Every structure is written in structure tokens, then in C-alpha cells.
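*Asks:* I would like to see how this sequence folds:
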Amino acid sequence: MTRQQRLTLIATILGSTVVFLDATIVNVALPAIGRELDAGLAGQQWVLEAYMLTMVSLLLVGGSLGDQFGRRRLFVIGLIAFGATSILCALAPSLLVLILGRAVQGFGGGSLILLAMTVLGDIAAPKDRAKYYTYFVIVFASSGALGPALGGFFAQYLDWTVIFWINLPLGLLSFLI
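*Replies:* Next up, the predicted model:
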């Protein structure tokens with residue numbers, strides 16, 4: 001594995017990890033979000049669903065967008081969108097703003113997941129792809145397991161907004177790499 005391939009692997013893993021971490025970390029913080037933003041069960045569900053619906057919808061067309069505009073460019077745009085909307089979500093003064101922020105965040109997240117896999121396929125020789133994808137999946141899945149523990153800790157001992165602020169250092173590191 002060359003240095004460039006290693007850096008690309010790290011960048012794609014970080015960018016995608018923040019997406020899956022965010023999907024699981026928010027679940028545990030929903031009661032705290034509901035209390036602070038006066039959101040009932042339906043409002044709390046929309047905090048999750050706005051993110052997941054837009055993320056999944058982009059997965060359907062993201063591949064062709066990556067082919068048309070460039071995979072790396074779209075990955076970077078996804079990182080920027082995800083980071084900017086993480087700030088919006090952390091500062092959300094109302095449930096509506098949080099839900100709208102989560103919807104846009106889902107578009108950024110969808111591009112990161114999809115394009116990470118295609119970028120890895122681009123940089124790895126066919127015989128090495130399974131190894132690259134294995135590294136990716138191990139870290140990606142681990143972030144999903146870590147999310148609920150972090151979300152519970154942040155919501156109980158710090159503040160629910162930390163669940164969105166944590167996206168920034170990971171996304172920035174991926175962007176810089």
C-alpha cells in the first residue's frame with residue numbers, strides 16, 4: 001500500500017465513520033433533545049428520520065453524481081455539508097431548525113458513505129480491494145457500536161449538542177488528509 005493509498009483509506013474511513021457514528025449517537029440523546037427543544041415523540045422521530053431519509057435517497061443517485069462531478073470533489077462537498085450542518089444542528093434554537101439541519105446533514109452523509117466505497121475501489125488494485133473494504137468495514141461498524149455509549153455519556157454528563165460538535169474534528173481531519 002502506497003502512502004497516497006493509505007492516506008486515502010484513512011480519509012474515507014474518517015469521513016464515513018462520522019456518518020455512522022452520528023446516526024447511532026443521536027438515538028440515545030433523543031430524550032435530552034426532546035426535553036430541551038420541547039419535542040414530543042413524533043418530533044424526536046423526525047430528528048432521526050430526516051437524516052436517514054435524505055441519506056438513503058442520495059445513495060440511490062450518488063454514484064452517478066460522483067461519475068458526473070468527480071468522486072473526490074463530491075466527497076469533499078459531502079464533508080463540508082456534513083460539518084456545516086453539524087454546527088447548525090448543535091446551535092439549533094428549535095426543533096424545526098434541528099430537523100431541517102438533520103435533513104441536509106443526511107445528504108452530506110449519503111455522499112460520504114457511497115463515495116468512500118467507490119474511491120476505495122478506484123485506488124485499490126482488484127486483488128487488494130477486499131483488504132481495503134475490510135479495514136473500512138471494521139472501523140465503520142465499530143463506530144456504530146461506539147455511538148450509543150458516547151451519546152449516552154454526552155447527553156447525561158455534558159450536553160446533547162456535543163453529539164454534533166464531535167463531528168467537526170473527525171470531518172476536519174478527513175478533509176485535511
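
*Asks:* Which residue would you name as the spatial centre of this structure?
*Replies:* Centroid-nearest residue in the chain, with CA atoms, centre = their mean: residue 19, separated by 1.6 Å.

*Asks:* pretty sure it is touching residue 113, no?
*Replies:* Yes - between residue 19 and residue 113 there is a contact under CB atoms under 8 Å: 5.5 Å. C-beta: built from backbone N, CA, C; applies to glycine.

*Asks:* ok, the closest residue to the residue nearest to the centre of the chain other than its chain neighbours - contacts?
*Replies:* Nearest non-adjacent residue to residue 19, counting by CB to CB, 6 or more residues apart in numbering: residue 109, 3.9 Å away. Contacts for residue 109 (CB atoms under 8 Å, 6 or more residues apart in numbering) come out as 19, 22-23, 51, 55, 78, 82.

*Asks:* In which helix or strand does residue 109 reside?
*Replies:* Using DSSP states H and E, residue 109 sits in helix 95-123.

*Asks:* What residues of that helix count as buried?
*Replies:* Neighbour-count burial for helix 95-123, counted by 16 or more other CB atoms under 10 Å, picks out 95, 98-120, 123.

*Asks:* immediately after it, which helix or strand?
*Replies:* helix 129-157.

*Asks:* Tell me which other helices or strands the next helix or strand after that following helix touches.
*Replies:* Moving toward the C-terminus from helix 129-157, the next helix or strand (DSSP H and E) is helix 162-165. The contact analysis (3 or more CB pairs under 8 Å, 6 or more residues apart in numbering; DSSP states H and E) places helix 162-165 against helix 3-37, helix 71-90, helix 129-157.

*Asks:* Compare those and give me the one nearest residue 64.
*Replies:* Closest approach to residue 64 among those (CB to CB): helix 71-90, 10.5 Å.

*Asks:* helices or strands next to the closest one in the packing?
*Replies:* Judged by 3+ CB pairs under 8 Å, 6+ apart, helix 71-90 is in contact with helix 3-37, helix 41-69, helix 95-123, helix 162-165, helix 167-176.

*Asks:* relative to its centroid, which residue of the protein is most remote?
*Replies:* Furthest out from the centre of the chain (CA atoms, centre = their mean) sits residue 127, at 28.5 Å.

*Asks:* Check which residues of the one helix or strand in the chain whose mean pLDDT sits lowest are buried.
*Replies:* Here the helix or strand of the chain ranked lowest by mean pLDDT, DSSP states H and E is helix 129-157, holding a mean of 82. By 16+ other CB under 10 Å, the buried positions in helix 129-157 come out as 132, 135-136, 139-140, 143, 147, 150-151, 154-155.
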